[in-house]
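[1] missing the sequence, but the structure's below:
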């Protein structure tokens, strides 16, 4: 082989190393081309197509490495580089596996978009994978945007898996207008009779409260499966149309547990427990969801006996079962039974309490003054790694400490809270106020203002109550004015009640009366009651008699006005009137609850109560005690 050089215009000098390297290169080029197949197969092979992609399957080493790597970019970039070097990145299988891996994390979906945009022939599988990734990580807006910009604009044809995901994205975000647009694309692309697409559309229309559109999609074809029927029942129930849901339920040829639970929950929602009980007993197989649904139904109507009866009949109880019963007892203010049921749960030991259960227990401890039990719950929260204390749980904890008088522990919990809500601040202000620490309550309010959190009407109720307990009249007037002047909060009955109580405790009954007369809303019985109590304490007997009679007319079943009026008469020595009030109480069927005191020492409980056998003797004792109190106050005033 002869090699000739074309003379160069610019002379150059060749070194010995360069010449040797050039001679070796020419020798290699002169060698015959190596054969990859035997001569017998060579003539059967076609000339390879330059555009043909290499053969690839799931057992390829690079794909196994890709599937095993984590979706973080540092690990993925190494595999991605190898795909590019090997010329496999344009292969549909490799590209699909890479995009799927990136879409498994919400932080790497943007990188999947970059790979998608650099592919020569992207397909519907890649688009569906990206859309599904956005929907999985609660970003339906980006899912719809990618469908428009990445799939429709690139003329990539949709398949059976595209529209169910898109419709689900619209349903999750409540995007009715966009859902209708997707429905139009469904019709244009010929998927309107696809069962999975129809099921997704029915669900979307029910979520968007368009029940008639959902029914139109349902009636579009007689091709239904169990999911279609259950979606119709669940949709009607959640939109309050239990009658239509029952029609669908009765028309079903085949039902599963979800069908029964859905229709039972519908009757529970509307409070028709009789119909729910009939279906529950007719149900061929009840699961724990069925039992919990019935217990929740009785709890909604306040029937704790019916709920407890079903609860005791359950073979298996989950955390929802216990939580429903404990919350019911708290709502009905049966705090002792709540703690007893919680003790039973801990003795059984098959269920660990969650945050909601502990909230119910702490509320009960706060109302009963069970400080030691509350401390145990606090210890459990701190040392149980499964409990994740949120704002509600921590606020309930500090409220319990405040009600039990452990204000320092409440402040400790408050300071350790990573996030504080308005309720947290209100509870802390209330805790200081109810124990007479008015100045600390006001300091907490000022600290709340510095934190930038906006107080609400309950905040000012706590502030005014704190001023009332501490006798801070001027401060109470100041914050009562600040509430409306700065924060534009109109005073409510509770605020006026706190002010009447504050002024009444200070002996400013005339100011109380003037304040009540200026109230722009209708005066409630609570305000008149506070004013009546102030009249009795500060011997405004004539005004007190008028208010007491007015209160008896407003609420004849309330025992308070009768007792206060009787005490007013006793203060004046009008024993006949005292006896008349007692007779009136007996005629009205009102009876004063027996006085009792509740003392908790560790786990010991003592209840002290005493009931007089003679109503006449009880009346005389009350009257004499009131008379003694009035005489003591008069003697103190005369001495000063």
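    Done, it's in. Just so you know, these numbers come straight off a predicted model, no measurement behind them.

[2] only C-alpha atoms for contact and neighbour calcs from this point on.
    Noted.

[3] Show residues contacting whichever helix or strand residue 310 is part of.
    Using DSSP states H and E, residue 310 sits within helix 304-313. With contact meaning C-alpha atoms under 8 Å, 6 or more residues apart in numbering, helix 304-313 is reached by 291, 294-299, 321, 325, 328-329.

[4] pLDDT (mean, whole number) over that helix?
    Helix 304-313 shows a mean pLDDT of 94.

[5] same deal with stretch 254-263?
    Rounded mean pLDDT across stretch 254-263 is 94.

[6] Tell me where the model's unsure across the stretch 201-350 of the chain.
    For the stretch 201-350 of the chain, no stretch has pLDDT under 70.

[7] in the protein, what secondary structure element scores lowest on mean pLDDT?
    Sorting the helices and strands of the chain by mean pLDDT, DSSP states H and E puts helix 39-42 at the bottom, at a mean of 40.

[8] Mind checking which of the contacts of helix 304-313 are in helices?
    Secondary structure from DSSP state H places 291, 294-299, 321, 325, 328-329 of these in helices.

[9] Now the helix holding residue 310: buried residues?
    Of the residues in helix 304-313, those buried under the neighbour-count criterion (16 or more other C-alpha atoms under 10 Å) are 304, 307, 311.

[10] Then stretch 151-169?
    In terms of neighbour count (16+ other C-alpha under 10 Å), stretch 151-169 has its buried residues at 151, 156, 158, 162-169.

[11] With adjacent residues omitted, what lies nearest to the residue nearest the centre of the chain?
    In the chain, the centroid-proximal residue (C-alpha atoms, centre = their mean) is residue 392; its distance is 9.8 Å. Of all residues not flanking residue 392 in the chain, residue 359 sits nearest, at 7.8 Å (C-alpha to C-alpha, 6 or more residues apart in numbering).

[12] cool, and residue 266?
    Closest residue to residue 266 apart from its sequence neighbours, by C-alpha to C-alpha, 6+ apart: residue 237 at 5.0 Å.

[13] What is the burial count for that neighbour?
    25 (other C-alpha atoms under 10 Å).

[14] what about it, which helix or strand?
    Here residue 237, judged by DSSP H and E, is contained in helix 226-238.

[15] Which elements pack onto that helix?
    helix 195-207, helix 211-219, helix 242-251, helix 257-269 (3 or more C-alpha pairs under 8 Å, 6 or more residues apart in numbering; DSSP states H and E).

[16] what's downstream of the last one, the next helix or strand?
    It stands for helix 257-269. Remark: after helix 257-269, the chain's next helix or strand is helix 273-282, criterion DSSP H and E.

[17] just checking, what packs against that next one?
    The contact analysis (3+ C-alpha pairs under 8 Å, 6+ apart) places helix 273-282 against helix 257-269, helix 288-300.

[18] Could you single out the most deeply buried of those helices?
    Among these, helix 257-269 has the highest mean neighbour count (mean count of other C-alpha atoms under 10 Å), at a mean of 22.

[19] what comes into contact with that one?
    Contact with helix 257-269 is made by 230, 233-234, 237-238, 240, 242, 245-246, 249, 273, 275-276, 279-280, 283, 285-287, 289-290, 293-294, 296-297, as judged by C-alpha under 8 Å, 6+ apart.

[20] of those residues, buried ones?
    Among the contacts of helix 257-269, those classed as buried by 16+ other C-alpha under 10 Å are 230, 233-234, 237-238, 242, 245-246, 249, 273, 276, 279-280, 283, 289-290, 293-294, 296-297.

[21] Following element in sequence after the least confident helix or strand of the chain, please.
    Of the helices and strands lying after helix 39-42 in sequence (DSSP H and E), the nearest is helix 61-68.

[22] how far off helix 61-68 does the helix or strand that that next one is followed by point, in degrees?
    With elements assigned by DSSP H and E, the helix or strand that comes after helix 61-68 is helix 73-85. Here helix 73-85 points in a direction 160 degrees away from that of helix 61-68 (axes from the mean of the first three to the mean of the last three C-alpha atoms, to 10 degrees).

[23] buried set for the helix or strand just after helix 73-85?
    For helix 73-85, the following helix or strand on the C-terminal side (DSSP H and E) is helix 92-102. Applying a neighbour-count criterion of 16+ other C-alpha under 10 Å, one finds 92, 94-102 buried in helix 92-102.

[24] Next: stretch 404-418.
    Neighbour counts over stretch 404-418 (16+ other C-alpha under 10 Å) mark 404-407, 409-411, 413-414, 417 as buried.

[25] Out of those residues, which comes closest to residue 448?
    residue 414 (12.3 Å; C-alpha to C-alpha).

[26] Which residue is the nearest non-sequential neighbour of that closest one?
    residue 398 (6.7 Å).

[27] And the pLDDT at residue 521?
    Note on residue 521: pLDDT of 51.

[28] The one 4 residues further on now?
    Among the per-residue scores, residue 525 holds a pLDDT of 60.

[29] How about residue 584?
    Model confidence at residue 584, given as pLDDT, is 76.

[30] can you check residue 403 too?
    For residue 403, pLDDT reads 91.

[31] Next, count neighbours for it.
    Based on other C-alpha under 10 Å, the number of other residues close to residue 403 is 24.

[32] Which residue comes closest to it once chain neighbours are left out?
    With sequence-adjacent residues excluded and distances taken as C-alpha to C-alpha, 6+ apart, residue 403 is closest to residue 366, at 5.6 Å.

[33] Next up, identify which helix or strand that neighbour is on.
    helix 355-368.

[34] Show me which positions of the helix or strand that that helix is followed by end up buried.
    Reading on from helix 355-368 to the C-terminus, the next helix or strand found by DSSP H and E is helix 371-383. Buried residues in helix 371-383, counted by 16+ other C-alpha under 10 Å: 371, 373-375, 377-378, 381.

[35] Show me which residues of whichever helix or strand comes after helix 371-383 are buried.
    Going down the chain from helix 371-383, the next helix or strand is helix 391-403, by DSSP H and E. Residues of helix 391-403 classed as buried: 391, 393-403 (neighbour count, 16+ other C-alpha under 10 Å).

[36] so how far is helix 391-403 off the chain centroid?
    From the chain centre to the centre of helix 391-403 is a distance of 17 Å (C-alpha atoms, centre = their mean, to the nearest Å).

[37] and it, what does it pack onto?
    helix 355-368, helix 371-383, helix 407-416, helix 422-434.

[38] ok, how many other residues are close to the residue nearest to residue 426 when sequence neighbours are not counted?
    With C-alpha to C-alpha, 6+ apart as the criterion, residue 426 has its nearest non-adjacent residue at 5.3 Å, and that residue is residue 459. Residue 459 has 20 neighbouring residues, counting by other C-alpha under 10 Å.

[39] Could you export the helices and strands packed on helix 391-403 to TSV, including columns for distance to residue 129?
    Converted to TSV, the helices and strands packed on helix 391-403 look like this (distance: least, C-alpha to C-alpha, whole Å):
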stretch	distance to residue 129
helix 355-368	36
helix 371-383	41
helix 407-416	43
helix 422-434	42
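
[40] Adding mean pLDDT and distance to residue 347, write the ones you listed out as TSV.
    Formatted as TSV, the helices and strands packed on helix 391-403 follow (pLDDT from 0 to 100; distance: least, C-alpha to C-alpha, whole Å):
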stretch	mean pLDDT	distance to residue 347
helix 355-368	95	15
helix 371-383	93	15
helix 407-416	93	28
helix 422-434	93	32
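
[41] and of those, who's closest to residue 449?
    Of all the helices and strands packed on helix 391-403, it is helix 422-434 that lies closest to residue 449, at 10.4 Å by C-alpha to C-alpha.
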